[in-house]
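S.K.: model the following, please.
(3 chains)
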Amino acid sequence: MRSACLGWMALLLPLAAQELKLPASFDKLAEKASDVVDITMDSSMLQLASKFLSDKDPDEARIKKLVSGLKGLYVKSFEFDRRGEYEESDLESVRAQLRGPGWSRVVGVRSKRDGENVELFLKSDQGQVSGLAIIAAEPRELTIVNIVGPVNPEEIRDLAGHFGVPRMDLSFPNTRKSTKEEQQ
Amino acid sequence: MTEAKGCVVEAGRRSTFAEALRANQAMVFSIAYHFLRDRPAAEELAQDVFLQLYRSFEDLDSDSHITFWLRRAASNRAIDYLRRRKFRAAIALEQAPEPSTAAVEDDPLLNRRLRALIASLPEKQRIAMVLRFQEDLMPEEISKILDMPVRTVKSHLQRALALLREKIGRSMGEIR
Amino acid sequence: MNDFEKQIRDALARKEPSPGFEARVLAATRRVEARSSWWNGLFSGRARWASAVVAAVVVIAAVGWRHERDVEERAAGEAAKARLEQALKITSVKLAKIQEKVEAHESN
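M.R.: Numbers count the residues shown, from 1 in each chain, chains lettered A, B, ... in the order given. Below is the predicted model:
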């Protein structure tokens, strides 16, 4: 068992200091999923996208500013037809990376009734946020988000309105360290 | 003159395009937004509707005709957009968690929940609900906009209300 | 209309688009107008039509290769922009879900 765990960890050497490495089991999840979103944007792709964001449009200008300092943006989202298509063990290797130096779990909301567990992690470096990760584990959907770079949590908050999503109002480690967890 | 949702419409009089845009932008945007629950997509869709209006403006002979035309164009485009879009922005109706508190009238959380649930309805029920409750239209008017028999519109509304009532009613107690 | 239906009507109250929407639409109609005028102007009169054709051939020959490159870069850039927006949309949806659940917990 231990050698198996160590074997998994050996496969998880990150390419960069903060980029999350997803386990090989995620390739199998893609085969089972009815819909997959797989977005990998390194700094050159982010710069290319940024060139086509308008400075004149206030929303696009905000996105452009957010993206300007980022080193990477990675989203992997699977949608399944049935419940139970992925295991908690698929996520443990990701969570293990998010227990590493600098990372803190800012918010975790678990609902046993709905079978959902959504977590937000932030990485800080000398008092500044330098990375963000979300693990959203829902009965028929699994989403991992990783943003690498000096991401400003308030700018992410402002983006929610741009996409027609209710605005968020979270406190972050700089102001108040808290973890909210709801057992339903 | 007839009054429709705060916009005074003189039967027979026709506004300029700019006046029609100003008078109807909230209506068109809101139909798209409440249907798609996606603000940037709703704005893009609303802009396309008005450009389409611009191209057809000379064919429309009154403000009431413009309003009807815009509601129809916005509804049809919203349905088309939804069919093309892969990414779902709304929580699926079956999976939407129950509100955990007893809601009070004008509770913003309840409003958000209702909007989310409405945006998860099947497309025909969804657009019927938006036209009925956002635009205060009767089933007969909705049937002309959607080109659908009146009894079908009524059926969509009844099924949608029953679904919403079931989801919301559990936490609110009896719904009158 | 019963109380529940009134609540639905309240939830579906009209919203305004973002500031500048009206100006953007009017600007777009001016572009439509300008394109329409350009084409109309090009084709009015035989001399204008002939010189327009010659000019078009010269321009195409001179910038054809550059245009291809621009088109390719634009396509790649627009695709990257769409991916970026999709990624940010997914992120904001998940963050909003967290917020909703936290608020529901706090109001308990």
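S.K.: which SS state does residue A:121 fall under?
M.R.: strand (DSSP: H, G, I helix; E, B strand; the rest coil).
S.K.: in the chain, mark out all the helices, start to finish.
M.R.: No chain was given, so I picked chain A. A:2-10, A:25-32, A:43-51, A:58-68, A:88-97, A:153-162 (DSSP state H).
S.K.: chain B is the one I meant
M.R.: Taking DSSP H as the criterion, chain B carries its helices at B:17-36, B:39-56, B:63-84, B:108-118, B:123-129, B:139-146, B:150-172.
S.K.: mind giving me the domain ranges of chain B?
M.R.: Residue ranges for the domains of chain B, per automatic domain parsing: B:1-89, B:91-176.
S.K.: of these, which is nearest chain A?
M.R.: domain B:1-89 (3.1 Å; C-beta to the nearest C-beta). Yep, even glycine has a C-beta here, placed from its N, CA and C like the rest.
S.K.: nearest the geometric middle of the chain, what residue?
M.R.: No chain in the question, so chain A it is. In chain A, the centroid-proximal residue (C-alpha atoms, centre = their mean) is residue A:145; its distance is 2.3 Å.
S.K.: the chain in question should be chain B.
M.R.: For chain B, residue B:130 is the residue whose C-alpha lies nearest the centre (C-alpha atoms, centre = their mean; 2.9 Å).
S.K.: so that one makes contact with residue B:36?
M.R.: No. The pair residue B:130 / residue B:36 is not scored as a contact, 10.2 Å apart, by C-beta atoms under 8 Å.
S.K.: spit out the contact partners of the residue lying closest to residue C:17 once chain neighbours are set aside.
M.R.: Nearest residue to residue C:17 in three dimensions, chain neighbours excluded: residue B:29, at 4.2 Å (C-beta to C-beta, 6 or more residues apart in numbering or on different chains). Taking C-beta atoms under 8 Å, 6 or more residues apart in numbering or on different chains, we find residue B:29 in contact with B:42-43, B:46, C:14-17, C:21.
S.K.: quick one: which of those residues has the most company?
M.R.: Of the contacts of residue B:29, residue B:46 is surrounded by the most neighbours, 28 neighbours in total, counting by other C-beta atoms under 10 Å in any protein chain shown.
S.K.: residues touching that one, list them.
M.R.: B:25, B:28-29, B:32, B:74, C:17, C:21.
S.K.: what residues does chain C put near chain A?
M.R.: For chain C, the residues in contact with chain A (C-beta under 8 Å from any C-beta of the partner chain) are C:18-20, C:74, C:76-78, C:80-81, C:83-102, C:104-106.
S.K.: which stretches of the chain have low pLDDT?
M.R.: Let's take chain A. Residue ranges of chain A with pLDDT under 70: A:1-18, A:153-184.
S.K.: sorry, should have said chain C
M.R.: Checking chain C against pLDDT under 70 turns up C:35-51, C:61-65, C:67-69, C:72, C:106-108.
S.K.: quick one, helices of it?
M.R.: Going by DSSP H, chain C shows helices at C:3-11, C:21-42, C:46-106.
S.K.: now the angle from the longest one to helix B:108-118?
M.R.: Compare the direction of helix C:46-106 with that of helix B:108-118 by axes from the mean of the first three to the mean of the last three C-alpha atoms, to 10 degrees and you get 130 degrees.
S.K.: what about the closest residue to residue A:43 other than its chain neighbours, distance to residue A:50?
M.R.: Leaving aside its sequence neighbours, residue A:43 sits nearest to residue A:71 (C-beta to C-beta, 6+ apart; 5.1 Å). According to C-beta to C-beta, to the nearest Å, residue A:71 stands 13 Å off from residue A:50.
S.K.: one more: residue A:143?
M.R.: Remark: distance between residue A:143 and residue A:50 (C-beta to C-beta) = 24 Å.
S.K.: ends of stretch A:135-152, what's the gap?
M.R.: One end of stretch A:135-152 to the other measures 19 Å (C-alpha to C-alpha, to the nearest Å).
S.K.: would it count as contacting chain B?
M.R.: Yes. Using C-beta under 8 Å from any C-beta, we find that stretch A:135-152 touches chain B at A:138-140.
S.K.: what's the neighbour count on residue B:78?
M.R.: Close neighbours of residue B:78, defined as other C-beta under 10 Å, add up to 26.
S.K.: what's near enough to touch it?
M.R.: Neighbouring residues of residue B:78 by C-beta under 8 Å, 6+ apart: B:31-32, B:35-36, B:45, B:127.
S.K.: got these as CSV, with distance to chain C, neighbour count and pLDDT columns?
M.R.: Listed next are the contacts of residue B:78 as CSV, based on distance: C-beta to the nearest C-beta, whole Å; neighbours: other C-beta atoms under 10 Å in any protein chain shown; pLDDT from 0 to 100:
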residue, distance to chain C, neighbour count, pLDDT
B:31, 9, 28, 97
B:32, 9, 28, 95
B:35, 10, 28, 92
B:36, 12, 22, 87
B:45, 10, 24, 91
B:127, 12, 26, 96
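S.K.: are any of the residues of chain C next to chain A buried, and which?
M.R.: Buried by 16 or more other C-beta atoms under 10 Å in any protein chain shown: C:18, C:77, C:80-81, C:83-102, C:104-105, out of these.
S.K.: among those residues, which are within reach of chain B?
M.R.: C:18, C:85-86, C:89-90, C:93, C:97, C:100-101, C:104-105.
S.K.: any idea what residue A:41 is bridged to?
M.R.: residue A:73 (DSSP bridges).
S.K.: pretty sure it is touching residue C:83, no?
M.R.: Yes. Using C-beta under 8 Å, residue A:41 makes contact with residue C:83 at a distance of 6.5 Å.
S.K.: need the overlap of contacts for these two.
M.R.: residue A:49.
S.K.: which bits of chain C sit near chain B?
M.R.: Going by C-beta under 8 Å from any C-beta, the residues of chain C near chain B are C:2-5, C:7-18, C:21-22, C:24-26, C:28-29, C:32, C:85-86, C:89-90, C:93, C:97, C:100-101, C:103-105, C:107-108.
S.K.: repeat that with 7 Å
M.R.: Chain C comes close to chain B at residues C:2-4, C:7-12, C:14-18, C:21-22, C:24-26, C:28-29, C:32, C:86, C:93, C:103-104, C:107-108, as judged by C-beta under 7 Å from any C-beta of the partner chain.
S.K.: quick check: phi and psi at the residue of chain A positioned farthest from its centre.
M.R.: Taking C-alpha atoms, centre = their mean, the residue of chain A most remote from its mean C-alpha position is residue A:56, at 29.2 Å. Here is the backbone geometry of residue A:56 (degrees, to the nearest 10): phi -80, psi -30.
S.K.: so who does it touch?
M.R.: Residue A:56 makes contact with no residue under the criterion C-beta atoms under 7 Å, 6 or more residues apart in numbering or on different chains.
S.K.: from residue C:76, how far out is it?
M.R.: 22 Å.
S.K.: show me the shaky parts of chain B.
M.R.: Ranges of chain B meeting pLDDT under 70: B:1-13, B:85-108, B:169-176.
S.K.: still on that earlier bit, contacts only, for the residue nearest to the centre of chain B.
M.R.: Taking C-beta under 7 Å, 6+ apart as the test, what residue B:130 contacts is B:31, B:34-35, C:12.
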